[in-house]
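Visitor: after the sequence you'll find the predicted model.
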Amino acid sequence: MHRCFIGRNQRPKHVAGVYALGMFDGVHIGHLALIERAVRIAGESGTACGVYTFDVHPTQVVCPERAHEALMSVDDRLDLMESAGVDVAIVHTFDKTLASMSPEAFVARVLHDTLGARCVVVGFDYSFGHGGAGTPARLESLARDVGMCVQTLPPVEIDGKPVSSTDVRAALARGDVEHAAQLLGRRHFVRGTVGRGRGVGHKLGIPTANVHVPAGIALPMPGVYACEARWGSLATAPAVCNIGVRPTFGDEGRGVTLEVHVMDVAPDLYGASLTVAFAARLRDEFRFADPRELVKQIEADMIAARRVLGR
């Protein structure tokens, strides 16, 4: 997939005929339905399929005090889109100039002049232009003026409720990673670089990888989770992780950390990029009076994690 990052005065070098429009945070099952429709239309039209998205959520620019954590990085978003069959990804830097653009200008300057789109696919709740004033109905009206077709998809629902990135974040905030997986169509994952910790886990005989997840990426509610870990080109390995402040060792002042114990193998992960996919929440984070009690609990956690993971 060709990836093009454009700013205010840049134009994409490669354009598609059909574009899916949206932020696509999390690339959940609703987003995938939209992308799949765009891929199908492009295939029927004999043209490339593209996505048009932003580098950051517009809220971070127009109302930063209300900005929420992202479900994944831009690169992870694009990787999932590529897996869904997208040929071209246009990532537009979202700034105040773009935020102030009227719906009419957005359709004429961005969709028509910059992208050269012949057809765009949007969700039922898509908004665009200054203050989000543009609606799908308004987009259809403006698009007709420049000879562009618009397809608006109805919501994808679970239990009668439209799937949304907001609901994924809410599920993670309460530790319900299984419901988050249902909304996403896969397990929620985070990716980070493994750094050196204090070596406490190694001394206890249960070495852990301290994963430094980029700021602004959503983690599940603190606690202990069954998960799968992946690094390099290797297959996934069963793992158990702790999200929290390590109260047994008085590390509350260090903030929330993500520690992962990879089972069955003993890789040297320092400096590696580790992907952690969350399968189920096992328990709260506890303070133990004795490290030996902690070891016994972690051993029980590993048994529970294997049961959840079926490995």
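Guide: Looks like it came in fine. Residues are numbered from 1 along each chain as shown.
Visitor: could you pull out the strands in the protein for me?
Guide: Along the chain, the stretches classed as strands by DSSP state E are 2-6, 18-21, 49-54, 88-92, 119-123, 149-153, 157-158, 161-162, 189-195, 209-212, 223-231, 237-244, 257-262, 273-283.
Visitor: for the ones you listed, which one sits closest to Leu71?
Guide: Nearest of those to Leu71, taken as Cβ to Cβ: strand 189-195 at 9.2 Å. Where you see a C-beta, it was placed from the backbone N, CA and C, and this is true even at glycine.
Visitor: counting contacts, what elements does that closest one pack onto?
Guide: strand 209-212, strand 273-283 (3 or more Cβ pairs under 8 Å, 6 or more residues apart in numbering; DSSP states H and E).
Visitor: make TSV out of those and add distance to Gly26 and mean pLDDT.
Guide: Converted to TSV, those look like this (distance: least, Cβ to Cβ, whole Å; pLDDT from 0 to 100):
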stretch	distance to Gly26	mean pLDDT
strand 209-212	19	93
strand 273-283	13	96
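Visitor: got TSV for those strands, with mean neighbour count too?
Guide: Listed next are those as TSV, based on neighbours: other Cβ atoms under 10 Å:
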stretch	mean neighbour count
strand 209-212	21
strand 273-283	20
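Visitor: pLDDT weak spots in this protein?
Guide: Low-confidence segments of the chain (pLDDT under 70): 8-14, 197-203, 205, 234, 246-254.
Visitor: would TSV of the strands of the chain with distance to Arg292 be doable?
Guide: Formatted as TSV, the strands of the chain follow (distance: least, Cβ to Cβ, whole Å):
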stretch	distance to Arg292
strand 2-6	50
strand 18-21	54
strand 49-54	50
strand 88-92	50
strand 119-123	53
strand 149-153	56
strand 157-158	44
strand 161-162	46
strand 189-195	26
strand 209-212	22
strand 223-231	17
strand 237-244	17
strand 257-262	17
strand 273-283	18
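Visitor: the domain parsing of this structure - what is it?
Guide: Structurally, the chain divides into domains by automatic domain parsing as follows: 2-162, 187-309.
Visitor: mind checking how far Thr135 is from Tyr52?
Guide: As judged by Cβ to Cβ, to the nearest Å, Thr135 and Tyr52 stand 17 Å apart.
Visitor: Tyr270 now?
Guide: Distance, Tyr270 to Tyr52, by Cβ to Cβ: 39 Å.
Visitor: which of these two has more neighbours?
Guide: For the pair Tyr270 and Tyr52, the greater number of neighbours falls to Tyr52 (23 against 12), based on other Cβ atoms under 10 Å.
Visitor: need the contact list for that one.
Guide: For Tyr52, the contacting residues are 19-21, 90, 92, 110-111, 115, 117, 120, by Cβ atoms under 8 Å, 6 or more residues apart in numbering.
Visitor: how close does it get to Tyr19?
Guide: Going from Tyr52 to Tyr19 by Cβ to Cβ gives 5 Å.
Visitor: overlap in contacts, these two.
Guide: Counting by Cβ under 8 Å, 6+ apart, the shared contacts of Tyr52 and Tyr19 are 90, 111, 115, 117, 120.
Visitor: what about the nearest residue to the second one once chain neighbours are set aside, neighbour count?
Guide: For Leu111, ignoring the flanking residues on the chain, the nearest one in space by Cβ to Cβ, 6 or more residues apart in numbering is Ala117 at 5.0 Å. Ala117 is surrounded by 26 other residues when neighbours are defined as other Cβ under 10 Å.
Visitor: can you show me the helices along the stretch 101-250 of the chain?
Guide: 103-105, 136-145, 165-173, 177-184, 200-203 (DSSP state H, counting those that start in this stretch).
Visitor: show me what counts as buried in the first one.
Guide: Burial within helix 103-105, assessed by neighbour count using 16 or more other Cβ atoms under 10 Å, is assigned to Pro103.
Visitor: center of the chain - which residue?
Guide: Against the mean C-alpha coordinate of the chain, by Cα atoms, centre = their mean, the closest residue is Met72 at 2.8 Å.
Visitor: how about the nearest residue to it, chain neighbours excluded?
Guide: If the residues on either side of it in the chain are set aside, Met72 comes closest to Gly26, at 6.3 Å by Cβ to Cβ, 6+ apart.
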